[in-house]
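*Asks:* I would like the atomic coordinates for the input below:
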Amino acid sequence: MAVAGAEMNTGPPILGQAFPNGACCIPRRALAPEMRSDEAEFTASAREDLASYTDCPEGELTTLAEAIWRLHAKGIVCVATSDRLKSPGEALKHAAIDEAELRGVRRAIARFEGIRRHDACHEIIGKSQSIRNVVEQIERAKDCDLHVLVRGETGSGKELVARSIHFTGARRNQPFVVVQPNALPQPLLENEFFGHDKEAFSGATTEKKGLVERADEGTLFLDEIGALDVCSQAKLLRVTESHKVIRLGGSEEIDVDFRLVAATNQDLERAVRNGSFREDLYYRLRVLVIDVPPLRERKEDIPELGRHFIHALAERHQMQEKALSDEALSRLLLHDWPGNVRELKSCIEAAFVHSREASIEEADISICPLLTRRVPETLAEAMIEHVTQALRQSSSVRKAAKRLDMPNSTLSDFVKKHKIDPEDFLGQSM
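*Replies:* Have a look, this model is predicted:
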C-alpha cells in the first residue's frame, strides 16, 4: 500500500520510516484523521481494528492505540505501508513532539512491529521429512483459495501452519482473525462470530462487527473447530457457502469474502459418526488437509528448535545467547513431549532463565513429571498407541503380531480399520 509523500502540504505529516523496521504496519482505516476526533472513541476503534491484524495481548494493543492517539492529536498520521518514504525526516519536520514522547511511541510501535514480524514469519523450523512434507503442503495450499483443515495434537504448531498459509498467500496483506470457540461460552459464540445490530438485545447500544466480518478479504482461523456446537456449525456452513452473514437482530445480508482455515486435535470422522459434527461441514473442510506431526515423531528437529527458541529469547530480552550442552540435548531427546513444540519452548525458556553458565546444562532442564508420557484419552487411542509401539520395535508385521500376542489376521484387520500404514512405523525403535 502506497502512502502520500510527507512533503505534501495537504493534510498532516505522515510518520512512517522514522520508526524501526521501515514504515509502521498500522491499518490505515483505524487511524485516518477524519475517522475519529474523540480520544476514547479513537483508541477503542484503533484497538479493535489492530486486533484483526495480530493476537498480541490486550495491554499491548491499548498501549499502541493510546500512543498513536498522541501522534494523531499532534497532527501526525500513521498509516500502513509497504513502501519506503524518500525523506522520513520530512514527516517529523512540522510535528511539535518532544524526544521523550517520541521515544515512548517508538517503543510501543516497535513492540507491535515485533509481533507483526512474528505473525508474518512463515518459516517452519525443522528438516525432518515429516515437517518438509508439511511445508510442501503449505506451498500447495497458499496460492489457491480453498478452505483448509489442519489436524494435529495440542501444541504441535497448527496455528503456525495457518499463519504460514495466510502470510505467504494472496491474502497476506489482509486481516488474519483468530477464533477460539472453546474459549467462548456458547451463548456468546454467535454474537462474537456474526456481530449484532444496534438494539438487537438489551444493552446493545451500538452495532458490532462479528469476527467473520472482520476477516473480510482475509483469513478466518478457527482453532479447535470441533468445539463448535451443531447449531453454530450449521450457520458457519451457510456462511462459507453463501459468502453472506446476517448480524444478530438484523435482516440485511452482508457480503463477506474470507478464507477459512480450521484446526482440530479431534478425530472429526469419529465425531461425524457419533453425531457431534456435521457431515456436510466436514466434507466442506476436507478439501485440503494438512496433518502436523507430533514432536515425538520428529525428534531430529529438537536441536534446531532449541537453538531457535534460545536465539529468539536472547534477542527479545537483549541477553547473551547460550549454547545447549550435549548432555542437555540428550535429556531433551529422551523425552516424548506430549505437549509437543509448546512444551519444548517452555522447557527451553525456563532452562535459559535458570542457567548461570554460558551454556544450558542437563541440570537446568526441568521436565514436568505430569508430562513424562502422553496418556491416551480413549480405549481406541490406547490400542493404537500399543500397536504402533509394537510396530516400531519390530522389523515386520508378523513379528509385531507375535510381540502383541495376536494372530496376523487380527493385526492386519486392526491397522486397516484405523488407517495405520505399518511402513510408517516398522523398525523405528530398533
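
*Asks:* what's the next secondary structure element after the lengthiest strand in the chain?
*Replies:* As assigned by DSSP state E, the longest strand anywhere in the chain is strand 259-264. Downstream of strand 259-264, the first helix or strand assigned by DSSP states H and E is helix 268-273.

*Asks:* Which positions in the longest strand of the chain come out as buried?
*Replies:* Judged by neighbour count (16 or more other Cβ atoms under 10 Å), strand 259-264 contains these buried residues: 259, 260, 261, 262, 263, 264. For the C-beta atoms, the positions are set from N, CA and C on the backbone; glycine is no exception.

*Asks:* Residue 421: neighbouring residues, count only.
*Replies:* Using other Cβ atoms under 10 Å, residue 421 has 10 neighbouring residues.

*Asks:* And residue 179, by the same measure?
*Replies:* If we define neighbours as other Cβ under 10 Å, then residue 179 has 23 of them.

*Asks:* before we move on, what about residue 253?
*Replies:* 12.

*Asks:* same question, residue 158
*Replies:* Neighbour count for residue 158, taken as other Cβ under 10 Å: 25.

*Asks:* on that earlier part again, closest one of the buried residues of strand 259-264 to residue 165?
*Replies:* Nearest to residue 165 among the buried residues of strand 259-264 is residue 261, at 6.0 Å by Cβ to Cβ.

*Asks:* which ones are touching the closest one?
*Replies:* With contacts defined as Cβ atoms under 8 Å, 6 or more residues apart in numbering, residue 261 is in contact with 147, 148, 150, 162, 165, 166, 219, 220, 221, 222.

*Asks:* Test my guess that the second one contacts residue 141.
*Replies:* Yes - Residue 148 lies in contact with residue 141 (Cβ atoms under 8 Å); the separation is 5.5 Å.

*Asks:* list residues touching both of these two?
*Replies:* 165, 288, 290.

*Asks:* Please report how far the nearest residue to residue 303 once chain neighbours are set aside lies from residue 125.
*Replies:* The shortest distance from residue 303 to any non-neighbouring residue, by Cβ to Cβ, 6 or more residues apart in numbering, is to residue 329 (6.0 Å). As for residue 329, its distance to residue 125 is 15 Å (criterion: Cβ to Cβ, to the nearest Å).

*Asks:* Please apply the same query to residue 349.
*Replies:* 15 Å.

*Asks:* Ranking helices and strands of the chain by mean pLDDT, which lands last?
*Replies:* Within the chain, no helix or strand scores below helix 88-93, which has a mean of 35 by mean pLDDT, DSSP states H and E.

*Asks:* Per-residue pLDDT of residue 343, please?
*Replies:* pLDDT, the model's per-residue confidence, is 93 for residue 343.

*Asks:* roughly how far apart are it and residue 189?
*Replies:* Using Cβ to Cβ, residue 343 is found at 29 Å from residue 189.

*Asks:* Same check on residue 259?
*Replies:* Going from residue 259 to residue 189 by Cβ to Cβ gives 21 Å.

*Asks:* same question, residue 40
*Replies:* Taking Cβ to Cβ, one finds residue 40 at 28 Å from residue 189.
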